[in-house]
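Enquirer: Sequence plus predicted model, see below.
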Amino acid sequence: MLPPCRGLLWLALVLGSVCSSLESAAPDPLNVLLIIVDDLRPSLGCYGDQLIRSPNIDQLASHSLLFQNAFAQQAVCAPSRVSFLTGRRPDTTRLYDFNSYWRVHAGNFSTIPQYFKENGYVTMSVGKVFHPGISSNHSDDSPYSWSIPPYHPSSEKYENTKTCRGPDGELHANLLCPVDVADVPEGTLPDKQSTEEAIRLLEKMKTSTSPFFLAVGYHKPHIPFRYPKEFQKLYPLENITLAPDPQVPAGLPPVAYNPWMDIRQREDVQALNLSMPYGPIPVDFQRKIRQSYFASVSYLDTQVGRLLSALDDLQLANSTIIAFTSDHGRQALDLVELLSLFPTLAGLAGLHVPPRCPSPSFHVELCREGQNLLKYFRFGKGTHDSEEDPYFHANPRELIAYSQYPRPADSPQWNSDKPSLKDIKVMGYSIRTIDYRYTVWVSFNPDEFLANFSDVHAGELYLVDSDPLQDHNMYNDTQGGDLPLSLMP
């Protein structure tokens, strides 16, 4: 399995639309609302979780195309976002960390919002859409992607500061951080501000003669779990069960294990004095972590509800495609990748679907490495190319999703979960079908961006039907079985 351990590459991807709008022959172009959530796993009612309270997201899912088995291409925020927003794999964007800008480092690739902007849309960014910093040129890829300057909530600068009231009455930079919103700096939280700004932009676009592409990026449920404390009451600790599979699998190669250094840096976790790298978290604290994650999801759900209600109130819902996704989370049956977001949104909006990328494609500004998923929307023929795409004629058992993850060494290190490019010595490549998940960890040269598939450091093979939690690594028993390395992208 590729880390972060045990499936943080499984994605809840919802592509929602109002069927009457898509089926009509109205000449007006459809708007796009893209909602990106940070580190959301399918702890949602629409995925069958009976504990989670997520009525607004569930309502959206009830009239959307809900994918059960969607994969991110890398389980780190900046590489994942750059990947699906450009429609290119990390090996093409050459971004595996947070420290380079693809237009300079790899190629001047078009992005989803840039493509819509070039086709007459007003494109707007609110919150965490591209990852802030070097990976988006300290500008959220402006002015390429956006018609107006992107908006970031002023309160996001307090996310990792000492704003969490601990049992000692003092303020700490904790992992678990339920707050009284009236007492935090500025008296608000980032996702509240992002919702308010997004609604303001929707009100402005109500009278616009141009279609809009609005991307709204929410911070929660990413750590720290900083959320209004009233949401904690939804999840009494006595109702919180432990994770179903907390043990490290016996056959897991050390290179695949994530020591969770970002969590260990929080003051409340430091106080636990956990041993490195496999030290177990106390059971009572495990429950508190799950409680705060669930509370953060419900807090997020209320913000999504406010946003969708405004879309309805402004009578924009019937002319807007809604796409809802997470950059990475956890989780059967269509197998898809987040790379498919670019061509599918273009096709839904009636735009020409960018062509498939050649290999290599560093010199090609507009192309896509993902599949067009319009086949799954049950309406009349659209302006898409599924008839020419062999993906739509494939046997479901032949469909494959790819993902990858970098490591600095063959065993857990202080920077295992987020190594800088120069420190990457091993790259894990994973392929997933509906039957199995197969991973090889191979040597990687960060100076040349080259993986050496003839130098395999470790491998993993899990059979999905008999081992859904991926506890029994069959790789050493089968020497990788009959799965050739040529399957890797």
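Expert: Now that the structure is in, tell me what you want to look at. None of these values were measured; they are calculated from a predicted model.

Enquirer: Just give me the neighbour total for the nearest residue in space to residue 270 that is not next to it in sequence.
Expert: Nearest residue to residue 270 in three dimensions, chain neighbours excluded: residue 264, at 6.8 Å (C-beta to C-beta, 6 or more residues apart in numbering). Placement of C-beta: from N, CA and C, glycine included. When neighbours are counted by other C-beta atoms under 10 Å, residue 264 registers 17.

Enquirer: With residue 223 as the reference, measure out to residue 264.
Expert: 11 Å (C-beta to C-beta, to the nearest Å).

Enquirer: then stretch 129-140 to CSV, C-alphas only?
Expert: Included here for stretch 129-140 are C-alpha records, laid out as CSV according to Å, rounded to 0.1, in the frame of the first residue of the first chain:
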residue,chain,number,x,y,z
VAL,A,129,-7.4,25.7,-4.0
PHE,A,130,-3.8,25.5,-5.2
HIS,A,131,-1.5,25.0,-2.3
PRO,A,132,-0.1,28.4,-1.2
GLY,A,133,3.6,29.0,-1.5
ILE,A,134,6.3,28.1,-4.1
SER,A,135,4.2,25.3,-5.7
SER,A,136,1.8,27.9,-7.0
ASN,A,137,4.4,30.7,-7.5
HIS,A,138,3.3,32.5,-4.3
SER,A,139,0.2,33.7,-6.3
ASP,A,140,-2.1,30.7,-6.6
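
Enquirer: what sits up against that stretch?
Expert: Contacting residues not belonging to stretch 129-140 are listed as 34, 36, 77-79, 81-82, 85, 95, 98-104, 125, 141, 145-146, 150, 152, 215-217 [C-beta atoms under 8 Å, 6 or more residues apart in numbering].

Enquirer: what does stretch 235-251 contact?
Expert: With C-beta under 8 Å, 6+ apart, stretch 235-251 has contacts from 5-6, 51, 257, 278, 280, 283, 286-288, 290-291, 294-295, 298, 469-473, 475-476.

Enquirer: residues touching the closest residue to residue 181 other than its chain neighbours, list them.
Expert: Distances taken as C-beta to C-beta, 6+ apart place residue 228 nearest to residue 181, at 5.2 Å, with adjacent residues excluded. Counting by C-beta under 8 Å, 6+ apart, residue 228 makes contact with 178-181, 189, 299.

Enquirer: and the two most separated of the residues you listed?
Expert: In those, two members sit farther apart than any others by C-beta to C-beta. They are 180 and 299, at 13.5 Å.

Enquirer: After the helix or strand hosting residue 204, which helix or strand is next?
Expert: In this structure, residue 204 is located in helix 190-205 according to DSSP states H and E. Downstream of helix 190-205, the next assigned helix or strand under DSSP H and E is strand 212-218.

Enquirer: re the thing from before, between residue 180 and residue 299, which one's more packed in?
Expert: residue 299 (24 against 11).

Enquirer: From the rest of the structure, what touches stretch 286-300?
Expert: By C-beta under 8 Å, 6+ apart, stretch 286-300 touches 37, 40, 43-44, 51-54, 175-178, 191, 218, 220-221, 225, 227-228, 231-232, 234-235, 237, 240-243, 246, 281.

Enquirer: ok, of these, which come out buried?
Expert: Buried subset of these (neighbour count, 16 or more other C-beta atoms under 10 Å): 37, 40, 43-44, 52-54, 175-178, 191, 218, 220-221, 225, 227-228, 231-232, 234-235, 240, 281.

Enquirer: Among these, which lie within helices?
Expert: If you go by DSSP state H, the buried ones among the contacts of stretch 286-300 have residue 191 in helices.

Enquirer: Let's see which of the buried ones among the contacts of stretch 286-300 end up in strands.
Expert: The members of the buried ones among the contacts of stretch 286-300 that map onto strands under DSSP state E are 37, 176-178, 218, 225, 227-228.

Enquirer: Run through the helices of the protein in chain order.
Expert: Along the chain, counting by DSSP H, helices occupy 19-23, 55-62, 77-86, 90-93, 102-105, 112-118, 190-205, 261-264, 267-270, 283-313, 341-348, 475-478.

Enquirer: Let me have those helices in CSV, extended by mean pLDDT and distance to residue 414.
Expert: Output for the helices of the chain, formatted as CSV (pLDDT from 0 to 100; distance: least, C-beta to C-beta, whole Å):
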stretch, mean pLDDT, distance to residue 414
helix 19-23, 40, 49
helix 55-62, 93, 36
helix 77-86, 96, 19
helix 90-93, 97, 22
helix 102-105, 96, 25
helix 112-118, 98, 35
helix 190-205, 98, 28
helix 261-264, 94, 6
helix 267-270, 97, 14
helix 283-313, 97, 21
helix 341-348, 94, 33
helix 475-478, 82, 27
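
Enquirer: which residues of the stretch 351-489 of the chain score low on pLDDT?
Expert: Applying pLDDT under 70 to the stretch 351-489 of the chain flags the ranges 378-398, 478-489.

Enquirer: Let's see that with 90 instead.
Expert: Counting by pLDDT under 90, the stretch 351-489 of the chain contains low-confidence ranges at 373-400, 434-435, 464-465, 468-470, 476-489.

Enquirer: what are the ranges of the strands in it?
Expert: Remark: strands assigned in the stretch 351-489 of the chain by DSSP state E, counting those that start in this stretch are 401-407, 426-432, 436-445, 450-463.
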